Structures are given as structure tokens and as C-alpha cells.
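**Q** okay, here's the prediction I keep looking at, along with the sequence it came from:
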Amino acid sequence: MSAPEFGADVPHRRVDADDWDEVYVVGDVHGCRAELERLLDRLGVTDDDLVVFVGDLVRKGPDSEGVVSLVRNAENMLTVRGNNEEKLIRGDKHLEELTEEQMEWIRNLPVAISWDDALVVHGGVDPRKPLAEHSLEELETFRKFEDDDGEKAYWWETHRGPQRVFFGHTPLAAPVYRRYAVGLDTGCVYGNELTAYDWRADEFVVVEPEETVEERAESKWVEPAAAPAPVQ
């Protein structure tokens, strides 16, 4: 499949999956470095494997600097920019522990990463229009839209490709697993799980946090409608 096309204001990085033995996509880490390290150990990641993050490496959790340092210094790890990285870039939020070099790295992150028919963005895509018409903010934060009947619908419930979109941003009680959408923010910072998707094996790999950093009301969790892929 050819590379997806975006507007001029949307930084996009295209990678070749054939350059890597394994490809993993990881959900929102939110500063939970200890859980991320356990997940990477469980996956058995080597220098020949690619790890792609859906954004929101930072904020809310205990060690944003540690997560940024780990991902930034690994040649086999890439991440898109999440809305929490964007808040730092805009100056709406601040993390004093991040160095200027780390902030410069964050400012230069892509908003989209793709390979084959896979597309990684933080928020999602609007199934009503082509990618080239999406704004940077939409790709980072899009979650719901109003359908023809005036009902609110999650975008992944109606997205029909051609890309299979991997996303975070929406705290999920369990991963979204659909033909054209895979949701990976399973709320590690809220005490649920940190989730990775093994792209070649077509299965999820999860670790549970040792503590709940932030409480989240039960009513705010999204329950995916489709059954998930196998969990390792």
C-alpha cells in the first residue's frame, strides 16, 4: 500500500516493516517507566525489533523524564506526538524535569507514523473525510462525531480503512480490536494495564501496574464492543 497523504502541517514518518524482525505498538505510557520496562522485558525486545508508541509518553505518571529518556535514546523506538506532548509544546503545561534537549526532541516528533497498511496516530481519524483534510489537532484528539441520525459515535466504530489505525487517547477497559482500528490506551496510569500489540503475531501483550497513580471513575472508562485479539 502506498503511503498515506497528510496536509502540509502534519509531520508524518514512513517506516519499512521489513527492516525489523518484530514490530510492536504500545499504548499511552503517561510517565509509567517501571511498567514500560516490564512490558519491554516481557516482549523480549531486541535492537532488531521496532517499538512504536501512540503518544502521551508524558504527564500524570511518576517518571515522565525517565520515559522520554528511554524512548529518545533507543534507535529502535519511535513515537507520535500525543495531546499531552502538544500541551508541553504550546506551553499550556510544564514539566520542569525535562531538559531543553528533550523538549526539542518532543517538538520534532511526528504526528503520524505508518508502514504497510498500518497508521499510528494518537487520537484517531474522522471516517467522513480523507486524511489529507485532517488537522494536526484532530489526529491528536479526535474521538467522537455525530452520525446522520444525530447520535454520537466513536470513530473506530465506523472507520472502514484503507489504513488500520492504531491509537491511544481514549482510556479503554480493554483494547479495541477491529479490522481497521486497534485501540491501546488501557489506562496504566489509572491502575488498569499497559498494553502492546504484536503486529506480526496479531496479539496483545499486557502488564499490570504496581499502583494506581490517578483514580478514574468507572463511568469514564470506554468498553469496546468487539472481542479483543488473543492476550499473551
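**A** Here it is on my side, so go on. None of the values given here were measured: they were computed from a predicted structure.

**Q** export stretch 54-71 as PDB, just CAs?
**A** In PDB, the C-alpha atoms belonging to stretch 54-71 read as follows (Å, rounded to 0.1, in the frame of the first residue of the first chain):
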ATOM      1  CA  VAL A  54       0.800   6.000  20.200                       C
ATOM      2  CA  GLY A  55       1.900   9.200  22.100                       C
ATOM      3  CA  ASP A  56       1.300  10.500  25.600                       C
ATOM      4  CA  LEU A  57       4.600   9.300  26.900                       C
ATOM      5  CA  VAL A  58       4.400  12.100  29.400                       C
ATOM      6  CA  ARG A  59       2.400  13.700  32.300                       C
ATOM      7  CA  LYS A  60       0.200  12.200  35.000                       C
ATOM      8  CA  GLY A  61       2.600   9.400  35.900                       C
ATOM      9  CA  PRO A  62       5.700   9.400  38.200                       C
ATOM     10  CA  ASP A  63       8.600   9.400  35.700                       C
ATOM     11  CA  SER A  64       7.900  11.400  32.500                       C
ATOM     12  CA  GLU A  65      11.600  12.200  32.200                       C
ATOM     13  CA  GLY A  66      12.600   8.600  32.500                       C
ATOM     14  CA  VAL A  67      10.100   7.500  29.800                       C
ATOM     15  CA  VAL A  68      11.300  10.300  27.400                       C
ATOM     16  CA  SER A  69      14.900   9.400  28.100                       C
ATOM     17  CA  LEU A  70      14.300   5.700  27.400                       C
ATOM     18  CA  VAL A  71      12.400   6.200  24.100                       C
END
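
**Q** got the buried residues for it?
**A** By neighbour count with 16 or more other Cβ atoms under 10 Å, stretch 54-71 contains the buried residues 54-61, 63-71. Yep, even glycine has a C-beta here, placed from its N, CA and C like the rest.

**Q** could you do stretch 114-127 as well?
**A** Neighbour-count burial for stretch 114-127, counted by 16+ other Cβ under 10 Å, picks out 114, 115, 118, 119, 120, 121, 122, 123, 124, 125, 126, 127.

**Q** tabulate those residues (CSV), appending pLDDT and distance to residue 153.
**A** Shown next, in CSV, are the buried residues of stretch 114-127 (pLDDT from 0 to 100; distance: Cβ to Cβ, whole Å):
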residue, pLDDT, distance to residue 153
114, 98, 24
115, 98, 28
118, 98, 23
119, 98, 20
120, 98, 22
121, 98, 18
122, 98, 19
123, 98, 15
124, 98, 12
125, 98, 13
126, 97, 11
127, 96, 9
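
**Q** for residue 186, state which of these is nearest.
**A** Distance to residue 186, by Cβ to Cβ, is smallest for residue 122 among the buried residues of stretch 114-127, at 14.8 Å.

**Q** related to what we said a few turns ago, now, which of the buried residues of stretch 54-71 lie within helices?
**A** Of the buried residues of stretch 54-71, the ones assigned to helices by DSSP state H are 64, 65, 66, 67, 68, 69, 70, 71.

**Q** nearest to residue 208 among the residues you listed?
**A** Comparing these against residue 208 with Cβ to Cβ places residue 67 closest, at 17.6 Å.

**Q** what's the neighbour count on residue 129?
**A** Here the number of neighbours of residue 129 (other Cβ atoms under 10 Å) works out to 10.
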